[in-house]
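[1] 3D model of this:
(2 chains)
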Number of protein chains: 2
Amino acid sequence: MTDVNLGAAASAPDGLLDAFWAYETALMANDLAELDRLFAAGDDTLRGDAGGILYGHDAISTFRKGRGGALKRTIVSVVVREIDEDAAVVVAVTAPVTGGRGQQTQLWRRIDGDWAVEVAHVSLPAPAVNATVWRTVGTPLVAGAEAPELASQTVAVKDLFDVAGFAVGAGVPAYLAEAPLATAHAPAVAALLATGADIAGIARTDEFAYSIAGRNPHYGTPPNGAVVGGIPGGSSSGPASAVALGQASIGLGTDTGGSLRVPASYQGLWGLRTTHGAVSVEGLLPLAPSFDTVGWLTRDAWVMRAAATASLDLSRQVLPPSARFAVAGALTAQSTAGVSSAFEAAIETLAADGLIDDLADVDLGHIDDLFETFRVVQAAEAWATHGEWIVAHPGALGDDIAARFAWASTISAEAEARARVALAAARLSIEDALDGRTLLLPAASSVAPSATASPETIESTRASTLRLTCIAGLTGRPGLSVPALTVDGAPVGLCVVAPRYGDLGAVITGAKFHSALVPQAD
Amino acid sequence: MTDVNLGAAASAPDGLLDAFWAYETALMANDLAELDRLFAAGDDTLRGDAGGILYGHDAISTFRKGRGGALKRTIVSVVVREIDEDAAVVVAVTAPVTGGRGQQTQLWRRIDGDWAVEVAHVSLPAPAVNATVWRTVGTPLVAGAEAPELASQTVAVKDLFDVAGFAVGAGVPAYLAEAPLATAHAPAVAALLATGADIAGIARTDEFAYSIAGRNPHYGTPPNGAVVGGIPGGSSSGPASAVALGQASIGLGTDTGGSLRVPASYQGLWGLRTTHGAVSVEGLLPLAPSFDTVGWLTRDAWVMRAAATASLDLSRQVLPPSARFAVAGALTAQSTAGVSSAFEAAIETLAADGLIDDLADVDLGHIDDLFETFRVVQAAEAWATHGEWIVAHPGALGDDIAARFAWASTISAEAEARARVALAAARLSIEDALDGRTLLLPAASSVAPSATASPETIESTRASTLRLTCIAGLTGRPGLSVPALTVDGAPVGLCVVAPRYGDLGAVITGAKFHSALVPQAD
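    Residues are numbered from 1 along each chain as shown, chains lettered A, B, ... in the order given. All right, here's what the predicted structure looks like:
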């Protein structure tokens, strides 16, 4: 019944169409063994879709095991282009039951007598909007002013900021259902609009922004735009994925413990956490006010610089003392071997290029203690912010974040008080050790873990990364993740933690580093 | 510099990579002659992307001429899978300058010594939202009630209906800029929400809905989900494309002169224009109140039936006298030869199957006069509705619709009065001729014209189609376009024009016809 176009050859190689239909039957039945059999063994086999390309039979097999079956569909038409009696390309138009049309292009080869797919390229119809990335999108949602600085730039606003006419959902459906419509834009939103950017839409966050993973049990996990199958990083996950996917040019987010730097690192973006207090948090749903900051994610350094310039009080900005940098060996050692060596190689390159001429290896104190101080104060404030609502809405949160808040609820007033004393001391001791230097460190302890990684792996990655990222939180310093490192093809950020109010200085420094470290495209 | 993965073969066929890079250079330079040379001659060559597959070297060449160059990009990685010394598949990951990643899979063959592409499959990163189809999208934009009838269905609302919290834009940016936010949903919107459907978003329309083409000079032409490169049909263009593309399951639209039936016909959808007056037009921006009606577009008959049942006052519905049908030869003859013969063959099949046992060929009067009556009253009312705003906003409309309104502005009170008398007479004479029968006719005079068709072709198609569609307008009858005909693979609707308040009867009849005419998928 399906139209088969055989072209001038007027025939298909013997057995090919049987194999093609066997594959289709197995796909619809999610017969994993049969699908494995019908994809060629070995590392030369590949399969690509909108999420990226998987290389090798086993990676494809693992992907199939995880997805729980393909979208149900019918085949509308089939084209066979015979190359020889043992090779052909088959192009099929598919009709998913959910509407629209897809395309599937396969290179079939007969290997030891059996037909198998060696190359597959699968396209599905695009949804109206990727609901894992976005909550609401307009064309634009809010038009920017006629201003040149950010003209034609589009902003994905993390679902924590007031956008006039819309409620704040904070990644929690039950919270969104009760939230009032904002009557004015948050100043951080208004600043971008005033300089010409359009608001494209409201993008996803981890629940109440209390995570750095980027997973949301209600709306799903946004795709990582750089690592096939990787978690996006959070909690500014939606804005980060929107920018990495080319669906916005600026992500407006927040960073309490790493929520801009981590998704930037995982997806190869520029990500700036600004100096604590440098950008107004009015109209922003807080998490832990002692650490909450506003910032941006971009693909291009100049867009980051323009967004920061539009939003910061320039009269308070200081340029960091030129070329006085620090690393902290004990911090870097929190990273995986791959990240550590990529970071150290980058520092060597920057030194060799004369971009770092004064580098100190500093001791910031006991890393575990610093992190514990950060996380106790953060948790106490998070519970103070959201505890009442959470108690009133049992079951509203997914298990992971519910457990985190449950732990936060157990922090005694005395423990909190002790941690606040330790925090004040840590600020002084870290700044004393840094002596006005700009700290350089990896933006995350690893590349993006796989979305199918074990809970243990995700948790240990989180614990290591937060030890790196909490230094900016503890000191109130700005932190810029520069997309300058790669480990086995996956991005990692080089983090520039400048002195307070050195935000623009960090962007200028980061751009110089990037030019030196990343070979420019032609 | 670009990573080239040659797999186990460890080499690429001689000259292949040079041809690949020559193609890339030509693509970036939009060197049409070189691109033509590097695609294999003849009908076996094909190229597919999200818009569908183009078959044959010449169709691909014509497409390239019309697009004005490809999106600028760099190549991130290249995989070559050699088949023999004269054939290889090349898979490239592309990085468009606008962000995200694409994939391009090509079958290259050496023909008479020269390498050329025989099969190409191109994927670009999806935009956040297709702005030709949608104005604003949510996940959902407005959540429906907990009700079973339309649970899990999603609605694309034509940008003429009030959705609380949003303005009506009517396809005209200057109008949108001044429009107030609606404070309540239009009843037609509320009815779908009340029965469980979610509002997915607000979708595009032709300017002030005064067209059946589906082109909008401000926001672009939505893609036709069924005909590669075809116009979508309008004025409910955005809802129609959203449904055809699988981005919504129900399009809520309006039909004054064919604005639901024509896009349904062009894109293979169910499209119902309801009885004039049967669904409230409160909260709907009018065009010509004597003819304006509300209705829906769906992919499935049962969804149409559910939407209609949710929205119509069932106590007023009548079932048409069973199996008493009419055709009007003079109307059918307005269609192209392909459409006429597909229509006539369908009527024969339905008669042979016993679904039509009483068929009369009726004379409805002079077709050109009927159409003239319709278009003069429509134009007078359209000017009465929008003339003042248009005069106050010179340049706000594109040339085509501006010219149509300019003509409408010239209709004298006397001409309008004469046309209204003729309209009253036409209603009586048509109903007299039909004698309670359900009229069957093609839903459009042709398949969807190409978006690159000449203005003359578009205009002559419009003139013929409106002669068919105006009969429902003149009589206030409902008209259902049933996706039951095809001409050379392109869809055409079979239109069921039931007596007034026979809306649900038309859907029931249409579903029976569809089952008889369209072989069901397995």
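
[2] Which strands or helices does the strand or helix carrying A:R467 pack on?
    Under the criterion of DSSP states H and E, A:R467 resides in helix A:455-475. Under the contact criterion of 3 or more CB pairs under 8 Å, 6 or more residues apart in numbering or on different chains; DSSP states H and E, helix A:455-475 touches helix A:261-267, helix A:329-332, helix A:367-392, helix A:413-434, strand A:438-442, strand A:490-497. No exception for glycine: its C-beta is placed from N, CA and C like everyone else's.

[3] report the angle between the axes of the very next helix or strand once past that helix and helix A:455-475?
    Later in the chain than helix A:455-475, the nearest helix or strand by DSSP H and E is strand A:479-487. Relative orientation of strand A:479-487 and helix A:455-475, computed by axes from the mean of the first three to the mean of the last three CA atoms, to 10 degrees: 140 degrees.

[4] Can you give the strand pairings for strand A:479-487, parallel or anti for each?
    strand A:270-273 (antiparallel), strand A:490-497 (antiparallel) (DSSP bridges).

[5] quick one: contacts of the shortest one?
    Outside of strand A:270-273, the residues within contact range by CB atoms under 8 Å, 6 or more residues apart in numbering or on different chains are A:236, A:240, A:255, A:258, A:260-261, A:263-265, A:293, A:295-301, A:303-304, A:308, A:443, A:472, A:478-483, A:493, A:503, A:506-507, A:510.

[6] The next helix or strand after it and chain B, are they touching?
    Counting by DSSP H and E, the next helix or strand C-terminal to strand A:270-273 is strand A:293-298. No. Using CB under 8 Å from any CB of the partner chain, strand A:293-298 stays clear of chain B, coming no nearer than 9.9 Å.

[7] Run through the neighbouring helices and strands of strand A:293-298.
    If contacts are counted by 3+ CB pairs under 8 Å, 6+ apart, strand A:293-298 sits against helix A:237-244, strand A:250-255, strand A:270-273, helix A:301-311.

[8] and the angle from it to helix A:455-475?
    If you take the same axes, to 10 degrees, strand A:293-298 sits at 120 degrees to helix A:455-475.

[9] Give me the contacts around the lowest-mean-pLDDT helix or strand in chain A.
    In chain A, no helix or strand scores lower on mean pLDDT, DSSP states H and E than strand A:3-5, which sits at a mean of 88. Counting by CB under 8 Å, 6+ apart, strand A:3-5 makes contact with A:A12, A:L17, A:V76, A:S77, A:V78, A:V79, A:V80, B:Y55, all of which sit outside it.

[10] Likewise for stretch A:48-67?
    Contacts for stretch A:48-67 (CB under 8 Å, 6+ apart): A:32, A:35-36, A:39-47, A:120-124, A:126, A:223, A:228-229, A:452, B:5, B:79, B:91, B:93, B:101, B:103, B:105, B:123, B:125-126.

[11] so what's the residue of the stretch 251-400 of chain A found nearest chain B up against?
    Nearest residue of the stretch 251-400 of chain A to chain B (CB to the nearest CB) works out as A:R299 at 5.4 Å. Neighbouring residues of A:R299 by CB under 8 Å, 6+ apart: A:V243, A:A244, A:G246, A:S249, A:L269, A:W270, B:G99.

[12] hang on, the fourth one packs against B:G99?
    In this case it means A:S249. Yes. Using CB atoms under 8 Å, A:S249 is in contact with B:G99, at 7.2 Å.

[13] Quick check: neighbours shared by those two?
    Common neighbours of A:S249 and B:G99 are listed as A:V243, A:R299 (criterion: CB under 8 Å, 6+ apart).

[14] how about the helices of the stretch 1-150 of chain A, start to end?
    Per DSSP state H, counting those that start in this stretch, the stretch 1-150 of chain A carries helices over the ranges A:16-29, A:32-38, A:57-67.

[15] Need the winner for burial among those helices.
    helix A:16-29 (a mean of 17; mean count of other CB atoms under 10 Å in any protein chain shown).

[16] mind saving the C-alpha coords of that helix as PDB?
    The C-alpha coordinates for helix A:16-29 follow below in PDB (Å, rounded to 0.1, in the frame of the first residue of the first chain):
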ATOM      1  CA  LEU A  16      16.400  -5.000   1.300                       C
ATOM      2  CA  LEU A  17      12.800  -4.200   1.500                       C
ATOM      3  CA  ASP A  18      12.100  -7.200   3.700                       C
ATOM      4  CA  ALA A  19      14.700  -5.900   6.100                       C
ATOM      5  CA  PHE A  20      13.300  -2.400   5.900                       C
ATOM      6  CA  TRP A  21       9.900  -3.600   6.900                       C
ATOM      7  CA  ALA A  22      11.200  -5.900   9.500                       C
ATOM      8  CA  TYR A  23      13.000  -2.900  11.000                       C
ATOM      9  CA  GLU A  24       9.800  -0.900  11.000                       C
ATOM     10  CA  THR A  25       7.800  -3.700  12.600                       C
ATOM     11  CA  ALA A  26      10.500  -4.100  15.300                       C
ATOM     12  CA  LEU A  27      10.500  -0.300  15.900                       C
ATOM     13  CA  MET A  28       6.800  -0.200  16.500                       C
ATOM     14  CA  ALA A  29       7.000  -3.200  18.800                       C
END
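
[17] give me the number of residues near A:R477?
    If you count neighbours by other CB atoms under 10 Å in any protein chain shown, A:R477 ends up with 28.

[18] how close does it sit to chain B?
    29 Å (CB to the nearest CB, to the nearest Å).

[19] which residues pair with the nearest residue to that residue once chain neighbours are set aside across the strands?
    Residue nearest to A:R477 in three dimensions, not counting chain neighbours: A:V497, with 5.1 Å by CB to CB, 6 or more residues apart in numbering or on different chains. Under DSSP bridges, the beta-bridge partners of A:V497 are A:L439, A:G479.

[20] A:G100 contacts B:V243, doesn't it?
    No. Checked against CB under 8 Å, the pair A:G100 and B:V243 is beyond contact range at 9.5 Å.

[21] List the residues that are in contact with both of those two.
    Here A:G100 and B:V243 share the contacting residues B:G225, scored by CB under 8 Å, 6+ apart.
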